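Undergrad: here is my input, please return the structure:
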Amino acid sequence: MSASEDKGKKFSHSSWSLLCCRNGISSTTTSAAEREKNSEELSRNSSRSSSNKKPGGWKAMPFILGNETFERLAAFGLFANFMVYLTREFHLDQVYASNILNIWSGITNFFPLIGAFISDAYVGRFWTIAFASFSSLLGMVVVTLTAWLPELHPPPCTPQQQALNQCVKASTPHLGALLTGLCLLSVGSAGIRPCSIPFGVDQFDPSTDEGKKGINSFFNWYYTTFTVVLLITQTVVVYIQDSVSWKIGFAIPTVCMFCSIIMFFVGTRIYVHVKPEGSIFTSIAQVLVAAYRKRKVELPREKHVDGVFYDPPLIGTNVLSKLPLTNQFRGLNKAAVIMEGELNPDRSRANKWKLVSIQQVEEVKCLARIFPIWAAGILGFTSMAQQGTFTVSQALKMDRHLGPKFQIPAGSLGVISFITIGVWVPFYDRIMVPTLRRVTKHEGGITLLQRIGIGMVFSILSMVVAALVEKVRRDLANANPSPLGIAPMSVLWLVPQLVLMGLCEAFNVIGQIEFFNRQFPDHMRSIANALFSCSFAGASYVSSALVTTVHHVTRTHSHPDWLTNDINAGRLDYFYYLVAGTGVLNLVYFLIVAQRYHYKGSGDLQDNAQDVELASKGKS
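TA: Purely as a prediction, here's the structure:
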């Protein structure tokens, strides 16, 4: 396979990873680099269950793929149109509904870190997925009951009553039942998302040609089913919820989740069960504890002094290559200094919480170096959080008809961003990258940090365009009053901002996925993907904080707040400008930290100008 083809596959896989995350469902291990990691780890893994002498192979795939497909159909089918459900059926103010979605999305994207730790350190992937699947099913049942049982939702009201704010809002018991269902879904996502792909890879033996081919085919089938799920949830399921019945629209994902569990357990005797071997989080904690204990120890002036630092061989570990000792964050090097009594006669450590290896220290340094870049990504994703909330609110107050009978569901507009990504990524990889490569002499055309920065620019432009469109929509709605407050303006005017947001994701999100996977050590790529997921969680919380602050600060005696429930009376365009302004400040911060960033394993990491990513023309 050529380098260009391999890179194209990497971009494609990253695309689906970002789509999974942007829908509030974390996908912590879906990059192509992670596939390579899992394959290499598995080839050396000696902890397979003794009761499974042969890999499950393709016999296990129908059950694993069936479980994953139905689970995603259930999760995405619920989330795609949830803003409409909260405002139309629960009669919540758009600010309240937006905050619920943002907080739920944040929790759902943070929890997989916990799920990955529990799976790796204690119970293994099978039982993590099993428990999480039941939690997701129970959550789906509870959410479906909120639409099915009159006691669990407010009494219905007409669109005219809703426009006049005359509807009975959801009570505390109503919200309690709904939030209980969402919490159960978050717990389910925490177990399923970080384990589904590795569990599928566990079924193949990469030491054989058949196993290697099976792993590649598994990923092809995985992303194929994911594409089908996205299309179904964003179109068919959303249409049923919006135009037919919320009961049926929620019942379909619930039944799918039930089928998912059945398929998963039917294949129990076929699966390969890999025992848990411990979590990388423990290693990180050991470095920090050892460095603190030895904070008063003086380091030698020269780095390479025989017998001073603990540097065992990598034999018997999952680590693929050693990292050189660096002077950046030099205080952490103290954790690897060998003190009297810390080594056994066989040169093994007497206490892992007092002495760690150079490799462990450098892994923590990689995390520390990447943290400022990761922090910049949080605000960079804040604009994306508006797609599932206020963009939907805009669409509900616009003409959504295509022809005399068909009306576009407001929750389906996100498909435009998906299509943009699907069209742009292959165009960028096949046409733009070769052209840029000839100019910049860089393998990827531009560096990864440059790509992330361009994505941030697109996110800012998206918010500016959204504000301009909202100003026109609001003025038309107020100049042409109607009972429902619908502006005589096609919903297709939202296409430009959604296209720009799709370009933001194609640059920023995919760039971050690849950046994290390249800059972290090979066996820490699960953390890299988990950190990426946490960026979305942080963005959801920042968005919630912004919405709440604006809602309370901008209200006066003579004017409602910018985000009042009647967006025709509010100033949603001002809020979009605020998000854009925040993005500009974040871009300035990103440029500063990007200029100071150095590659992993680049020696002293102090004065080598070629190591600065934005100025580099070498491999990234």
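
Undergrad: against Ile358, how distant is the residue of the chain most remote from its centre?
TA: For the chain, the largest distance from the centre (Cα atoms, centre = their mean) belongs to Pro345, which lies 46.2 Å off. Remark: distance between Pro345 and Ile358 (Cβ to Cβ, to the nearest Å) = 21 Å. Where you see a C-beta, it was placed from the backbone N, CA and C, and this is true even at glycine.

Undergrad: same question for Thr549.
TA: Using Cβ to Cβ, we find Thr549 at a distance of 46 Å from Ile358.

Undergrad: so which of these two has more stuff around it?
TA: Ile358 (20 against 11; other Cβ atoms under 10 Å).

Undergrad: now do the contacts for that one.
TA: Shown in contact with Ile358 (Cβ atoms under 8 Å, 6 or more residues apart in numbering): Phe309, Tyr310, Asp311, Lys322, Leu323, Leu325, Ala336.

Undergrad: and if we set it to 10 Å?
TA: 303, 309-312, 322-326, 333, 335-336 (Cβ atoms under 10 Å, 6 or more residues apart in numbering).

Undergrad: can you give me the strands for this protein?
TA: 398-399, 401-402, 406-407, 487-490 (DSSP state E).

Undergrad: of those, flag the one that's most buried.
TA: strand 398-399 (a mean of 19; mean count of other Cβ atoms under 10 Å).

Undergrad: quick revisit: quick one: the strands of the chain as CSV, columns for distance to Lys354 and mean pLDDT too.
TA: CSV is the format used below for these (distance: least, Cβ to Cβ, whole Å; pLDDT from 0 to 100):
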stretch, distance to Lys354, mean pLDDT
strand 398-399, 64, 92
strand 401-402, 68, 86
strand 406-407, 67, 86
strand 487-490, 67, 92
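
Undergrad: wait, which of those strands is closest to Gly106?
TA: Closest of the strands of the chain to Gly106 is strand 398-399, at 28.5 Å (criterion: Cβ to Cβ).

Undergrad: any regions of the stretch 1-150 of the chain where pLDDT drops low?
TA: By pLDDT under 70, the weakly predicted segments of the stretch 1-150 of the chain are 1-56.

Undergrad: now with 90?
TA: Counting by pLDDT under 90, the ranges of the stretch 1-150 of the chain that qualify are 1-84, 87-88, 93-99, 101-125.

Undergrad: tell me the helices in it, going along the chain?
TA: Along the stretch 1-150 of the chain, counting by DSSP state H, counting those that start in this stretch, helices occupy 3-22, 32-44, 61-79, 82-88, 94-118, 125-148.

Undergrad: and Val319, what pLDDT?
TA: What the model reports as pLDDT for Val319 is 56.

Undergrad: pull the longest helix from the protein.
TA: helix 448-479 (DSSP state H).

Undergrad: which helices and strands does that one pack with?
TA: helix 358-380, helix 390-396, strand 398-399, strand 487-490, helix 495-504, helix 510-519, helix 572-596 (3 or more Cβ pairs under 10 Å, 6 or more residues apart in numbering; DSSP states H and E).

Undergrad: mind giving me the domain split of the chain?
TA: For the chain, the structural domains run 53-277, 279-311+320-355, 363-601, going by the TED database.

Undergrad: and the furthest pair within the contacts of Ile358?
TA: Pro312 and Thr326 (18.4 Å).

Undergrad: for these two, indicate the residue with more neighbours.
TA: Counted by other Cβ under 10 Å, Pro312 and Thr326 do not tie: Thr326 has more neighbours, with 24 against 13.

Undergrad: isn't the more buried one up against Val364?
TA: No - between Thr326 and Val364 there is no contact under Cβ atoms under 10 Å: 11.4 Å.

Undergrad: anything in contact with each of the two?
TA: Listed contacts common to Thr326 and Val364 are Leu332; contacts here mean Cβ under 10 Å, 6+ apart.
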